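> Pasted the sequence and its predicted model underneath.
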Number of protein chains: 2
Amino acid sequence: MNKGERTKKYIIEQSSSLFNTNGYKSTSIAEIMKATGLKKGGIFYHFDSKDDLAKASFSYSLMTLKENYLEAIKSKTSASNQFQAFITIFMTLLNNDIIVGGCPLMNAAIEADDTNILIEDSIKEGFEGLIKIIKDIIEFGKSQDEIDKHMDSEEMAVFILSSLEGALALSRLYKDKRYLDMITKQINAMLF
Amino acid sequence: MNKGERTKKYIIEQSSSLFNTNGYKSTSIAEIMKATGLKKGGIFYHFDSKDDLAKASFSYSLMTLKENYLEAIKSKTSASNQFQAFITIFMTLLNNDIIVGGCPLMNAAIEADDTNILIEDSIKEGFEGLIKIIKDIIEFGKSQDEIDKHMDSEEMAVFILSSLEGALALSRLYKDKRYLDMITKQINAMLF
């Protein structure tokens, strides 16, 4: 990676936390300049516009999360352990351990449903990817006789993701993981 | 209601849609002036600050929703019908029929978890009120032998609200009610 590429990556890393914390519309170039210590020209040398940077930052957050999910899951030989690994990564969204500011998908979805931000297609792609990860765990569980073969994998994956996202919002609001714990317990009871 | 009170109510009605759609931080006084057709002095004659107006607008949205929930539920004599009535009102959040911009609680929670907006206590109060409405339906169902007495009403109410909020975000993103339909079907199967 040459110096230009390193600077570009650095801007994306710093901006992605800001965008995810304060929203894509609210985050100003002034804030990004402050967070990166770069001048306006230094930022726009690497990106055509704020939207261009927002898009790159959102993709970066999603990619980071996706890699963490897949890495945590891949060594697990049962669906139950895979699901636990998935939950462990999801739970980090409460305490900003991997990504700062909560779930980038949910944050962007809540913002995008009303305003026309450019990343709507990326949000949909991100949700589809996340639903697929959960669906694959369920399908694997079925093939291993851990999960009832009659369960609709797609519907259950949507149910799991929806309830986790809702519970994450509650847990972040109250700074209390009990909402996520409650939902995880109930999903486990439904799955296994 | 005298003229001053009518003007105050009108400002709140117009602002609540703006705040719920664009966020509390993002919505500017200029936008509120445009939506109401009032000058700055006309707005701040009734409210001490933007935060004061934001708080009143949020309370107004919550009150409107709560009244609709309670009104829809009160005439129903079975928990199953009460729950269906609850879902019918919740579903209006998809198409902006009662409140514009999605669920005011979820929108504010997603915004408030990172920024210090003044209405955090009102958000918590709102979620508690909504969880109580669902919990009361479950308790009523238990007393009528419609719902298993061993079910933990509080945990189930949190599970129902979390999954509905997550599904609403997906349904609003895709402009497709299938996510809400999926979750409603599964919750009904769990409850009754």
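Received the coordinates, thanks. Quick caveat: nothing in here was measured; it's all calculated off a predicted structure.
> how about low-confidence regions in chain A?
Applying pLDDT under 70 to chain A flags residues A:113-118.
> cutoff 50 now
Across chain A, nothing is flagged by pLDDT under 50.
> can you pull out the helices in it?
A:3-22, A:29-36, A:40-44, A:50-74, A:79-95, A:104-112, A:120-143, A:153-174, A:178-191 (DSSP state H).
> For the second one, buried residues please.
Going back to what we said before, that points to helix A:29-36. Of the residues in helix A:29-36, A:32, A:36 count as buried by neighbour count, 16 or more other CB atoms under 10 Å in any protein chain shown. Bear in mind the C-beta positions are built from the backbone N, C-alpha and C, glycine included.
> related to what we said a few turns ago, of all the helices of chain A, which lies closest to B:Glu67?
helix A:153-174 (22.9 Å; CB to CB).
> centre of the chain versus that closest one, how much separation?
Centre-to-centre, helix A:153-174 and its host chain are 12 Å apart (CA atoms, centre = their mean, to the nearest Å).
> which helices and strands sit right next to it?
Packing contacts for helix A:153-174, counted by 3 or more CB pairs under 8 Å, 6 or more residues apart in numbering or on different chains; DSSP states H and E, involve helix A:79-95, helix A:104-112, helix A:120-143, helix A:178-191, helix B:104-112, helix B:120-143, helix B:153-174, helix B:178-191.
> These into a markdown table, with extra columns for distance to B:Ile12 and mean neighbour count?
Conversion of those to a markdown table gives the following (distance: least, CB to CB, whole Å; neighbours: other CB atoms under 10 Å in any protein chain shown):
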| stretch | distance to B:Ile12 | mean neighbour count |
| --- | --- | --- |
| helix A:79-95 | 34 | 19 |
| helix A:104-112 | 22 | 26 |
| helix A:120-143 | 30 | 18 |
| helix A:178-191 | 30 | 18 |
| helix B:104-112 | 13 | 26 |
| helix B:120-143 | 14 | 18 |
| helix B:153-174 | 24 | 24 |
| helix B:178-191 | 28 | 18 |
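> how close does A:Ser122 get to A:Lys135?
Counting by CB to CB, to the nearest Å, the gap from A:Ser122 to A:Lys135 is 20 Å.
> Leaving aside the residues adjacent along the chain, what's closest to A:Ile183?
A:Ala167 (4.1 Å; CB to CB, 6 or more residues apart in numbering or on different chains).
> isn't the one you found right next to A:Asp176, touching?
No. In this structure, A:Ala167 is not within contact of A:Asp176 by CB atoms under 8 Å, at 10.8 Å.
> From A:Thr64, how far off is A:Ile119?
Taken as CB to CB, the span from A:Ile119 to A:Thr64 is 16 Å.
> For the residue of chain A most remote from its centre, give its distance to A:Gly141.
Computed with CA atoms, centre = their mean, the maximum C-alpha offset from the centroid of chain A is found at A:Gly41, amounting to 30.0 Å. The gap separating A:Gly41 from A:Gly141 is 53 Å, by CB to CB.
> quick one on the thing from earlier: among the helices and strands packed on helix A:153-174, which comes closest to B:Gln14?
helix B:104-112 (14.9 Å).
> between the closest one and helix A:3-22, how big is the angle?
Interaxial angle of helix B:104-112 relative to helix A:3-22 (axes from the mean of the first three to the mean of the last three CA atoms, to 10 degrees): 140 degrees.
> How about helix B:104-112 and chain A, touching?
Yes. Interface with chain A: helix B:104-112 contributes B:106-107, B:109-112 (CB under 8 Å from any CB of the partner chain).
> rewinding a little: out of A:Ile119 and A:Thr64, which sits in the busier spot?
A:Ile119 (23 against 15; other CB atoms under 10 Å in any protein chain shown).
> Surely that one is in contact with A:Leu53?
No. Between A:Ile119 and A:Leu53 there is no contact under CB under 8 Å: 11.2 Å.
> List the residues that contact A:Ala108.
Neighbour list for A:Ala108: A:24, A:58, A:117, A:119, A:122-123, A:126 [criterion: CB atoms under 8 Å, 6 or more residues apart in numbering or on different chains].
> again, only using 6 Å
Counting by CB atoms under 6 Å, 6 or more residues apart in numbering or on different chains, A:Ala108 makes contact with A:Ile123.
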